[in-house]
Every structure is written in structure tokens, then in C-alpha cells.
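**Student:** predicted model and sequence follow; I will ask about them next.
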Amino acid sequence: HVQLVESGGGSVQAGGSLRLSCAVSVSSANDYCMGWFRQAPGKGREWIGTIDPAGSTRYADSVKGRFTISEDNAENNVYLQMNSLRPEDTAIYYCAAARWSCGAHYNEYQYWGQGTQVTVS
């Protein structure tokens, strides 16, 4: 069983930065692909990026060059560093874990955190 807990959301002005954390409670977090998604009001869940068990990252075009995913395997934490934030980045942000794949579709992910709100004004 995998539990994910996000933290670090909040309100920030356009152009600012935030770092989200995802605490992963599983004995072998390295076996999972970790993804970040977001959902704005009235919109579907949007893939932001992933970090695979080998540490390779991929990003959606909408955040490439502004957002960075990293991990601390010793602490079982995954991070989403968000720079140059824009009002359109306002959403609830989720981390997710996938055991068998590492793609961009939310259906691939078996475990989800509760989400953390990010508001950019």
C-alpha cells in the first residue's frame, strides 16, 4: 500500500516560485514512477511531468523550462519546483504513483495524494 501526502502549496504572485513536496510512504519508492498532475476549476486533470525509477524526467510543454521534478530517495520525497509562475498555473496539484508504467495519463497511476492548492495572482 502506498500513501502520498503533498505539501507546500499556497498563494504567490505571478513570476514567483513555490516548491511542492510529496512524502511517499512505501518501502520501495524506487520501484514506482512518480507523476505530478494538476486540476484547475472546471478542467480535467492535466499531466505536468514524471520522474521514473531511474531518475529520468519528462515534462508537459506547458511547464517545460519552468518546473523541475526531483527526488530524495533517502527520505522518500518527490519535489516539484515551480518557477516563473503564471495565473494559469492556478490549480490543485497532485502527486501520483504508478507501479507498471510511466506515462502521461492519469489512469496509469494507482495511488494519489490529497492534493495541495496553488494560487497565482
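**Tutor:** Sure, I can see it. Numbers count the residues shown, from 1 in each chain.

**Student:** wait, residue 21 sits on residue 9?
**Tutor:** No: taking C-beta atoms under 8 Å as the definition, residue 21 is not a contact partner of residue 9, at 9.8 Å. Every residue, glycine included, has its C-beta placed from N, CA and C.

**Student:** would you check how far apart residue 53 and residue 15 are?
**Tutor:** 34 Å (C-beta to C-beta, to the nearest Å).

**Student:** how many other residues sit next to residue 21?
**Tutor:** 17 (other C-beta atoms under 10 Å).

**Student:** same thing with residue 109?
**Tutor:** 25.

**Student:** show me the contacts for it.
**Tutor:** The contact partners of residue 109, taken as C-beta atoms under 8 Å, 6 or more residues apart in numbering, are 35, 37, 96, 97, 98.

**Student:** for the strand or helix carrying residue 4, output the C-alpha coordinates as CSV.
**Tutor:** Secondary structure assignment for residue 4, by DSSP states H and E: strand 3-7. Once side chains and other backbone atoms are set aside, the C-alpha atoms of strand 3-7 remain, and they are given as CSV (Å, rounded to 0.1, in the frame of the first residue of the first chain):
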residue,chain,number,x,y,z
GLN,A,3,0.4,6.7,0.8
LEU,A,4,1.2,10.1,-0.7
VAL,A,5,1.0,13.4,1.1
GLU,A,6,1.6,16.7,-0.7
SER,A,7,2.6,19.9,1.0
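
**Student:** who are the packing partners of that strand?
**Tutor:** Here strand 3-7 is seen to pack against strand 18-25, strand 91-98, strand 111-112 when contacts are counted using 3 or more C-beta pairs under 8 Å, 6 or more residues apart in numbering; DSSP states H and E.

**Student:** done for today, thanks.
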